[in-house]
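Asker: Sequence plus predicted model, see below.
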Amino acid sequence: MTKVKICGLMEKEHVQVAIDAGADAIGFVFAPSKRKLTIKQAKLLASEIPPNILKVGVFVDPSREELEAAFREVPLDLVQYHGNEAPKFIQMNGFPSIKALSVRSEEDVTRAEQFTTEYYLFDAPGIDYQGGSGLAFDWQLMKVNSIAENKIILAGGLNPFNVREAIERVNPYMVDVSSGVEIDGRKDAELIRAFIRAVKVEER
């Protein structure tokens, strides 16, 4: 069954909704974004999350010190690199990780092969920030992908109404949503439930 990551959570209410609805991973944003959290805020929210749900920290070109502090104090299960981090930098840090790649062309998809990480997140290019644009990329581009399906996370413009098609076309291990479960820039409990239901219920 396809896994679900709800990203950019900022409020206790929405963390609990995601947990109750069956999310497999919850993402906290530490990079420049309207969804940015401090380590203290993320730690408070993470305290409610059971151990079977992954806690993911999203970073853009972070320092080693930033990563260590967040990984230890929140604590995190995975670091998501969403910037221009070099493969060597990611490898040297040694954290369990996700490398996000903005997809405009087939070359962006094949670039994943340069990195050694637990997962690879394929996303639409950002507009104001890295990722989180709310736009989908052309899923047809994923046909050149050589990464194992159990390592693929699909993001970018997903919502409760198109996520089934995305799964059928790409067959990712996990789907990742942020703006697709928001109304006026704030997470919406019913949209979170609807998104998870769209992924999980129809796969039973």
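Answerer: Sure thing, it's come through.
Asker: Output the longest helix belonging to the chain.
Answerer: helix 189-200 (DSSP state H).
Asker: Mind giving me the packing neighbours of that one?
Answerer: Under the contact criterion of 3 or more Cβ pairs under 8 Å, 6 or more residues apart in numbering; DSSP states H and E, helix 189-200 touches strand 3-7, helix 12-21, helix 163-170. Backbone N, C-alpha and C define where each C-beta goes, glycine included.
Asker: do that again at 6 Å, thanks
Answerer: The elements that helix 189-200 packs onto, with contact taken as 3 or more Cβ pairs under 6 Å, 6 or more residues apart in numbering; DSSP states H and E, are helix 12-21, helix 163-170.
Asker: which stretch in these is the model least sure about?
Answerer: When mean pLDDT is averaged over each of the helices and strands packed on helix 189-200, helix 163-170 scores lowest at a mean of 94.
Asker: now the angle between helix 189-200 and that one, please.
Answerer: With axes from the mean of the first three to the mean of the last three Cα atoms, to 10 degrees as the basis, helix 163-170 and helix 189-200 are set at 30 degrees to each other.
Asker: So which bits of the helix or strand just after helix 163-170 are buried?
Answerer: Going down the chain from helix 163-170, the next helix or strand is strand 174-177, by DSSP states H and E. By neighbour count, and taking 16 or more other Cβ atoms under 10 Å as the criterion, the buried residues in strand 174-177 are 174, 175, 176, 177.
Asker: helices or strands next to strand 174-177 in the packing?
Answerer: Based on contacts counted as 3+ Cβ pairs under 6 Å, 6+ apart, the elements that strand 174-177 packs against are strand 3-7, strand 152-154.
Asker: Outside of the longest one itself, list whatever touches it.
Answerer: Counting by Cβ atoms under 6 Å, 6 or more residues apart in numbering, the neighbours of strand 3-7 from elsewhere in the structure are 18, 23, 24, 25, 26, 27, 174, 175, 176, 178, 196, 199.
Asker: 8 Å instead, please
Answerer: For strand 3-7, the surrounding residues in contact (Cβ atoms under 8 Å, 6 or more residues apart in numbering) are 14, 18, 22-27, 29, 54, 56, 58, 153, 155, 173-178, 181, 187, 192, 195-196, 199-200.
Asker: again with stretch 86-93
Answerer: The list of residues contacting stretch 86-93 from outside it, by Cβ under 8 Å, 6+ apart, reads 64, 67, 79, 81, 97, 99, 114, 115, 116, 117.
Asker: Double-check that the second one belongs to a helix.
Answerer: Yes. Assessed with DSSP: H, G, I helix; E, B strand; the rest coil, residue 67 lies in a helix.
Asker: hang on, the earlier thing: what angle sits between the longest helix of the chain and strand 3-7?
Answerer: Taking the same axes, to 10 degrees, one finds helix 189-200 and strand 3-7 inclined to each other by 160 degrees.
Asker: Now do helix 189-200, average pLDDT.
Answerer: 97.
Asker: Just the buried residues of that helix, please?
Answerer: Neighbour-count burial for helix 189-200 flags 189, 191, 192, 193, 194, 195, 196, 198, 199, 200 (criterion: 16+ other Cβ under 10 Å).
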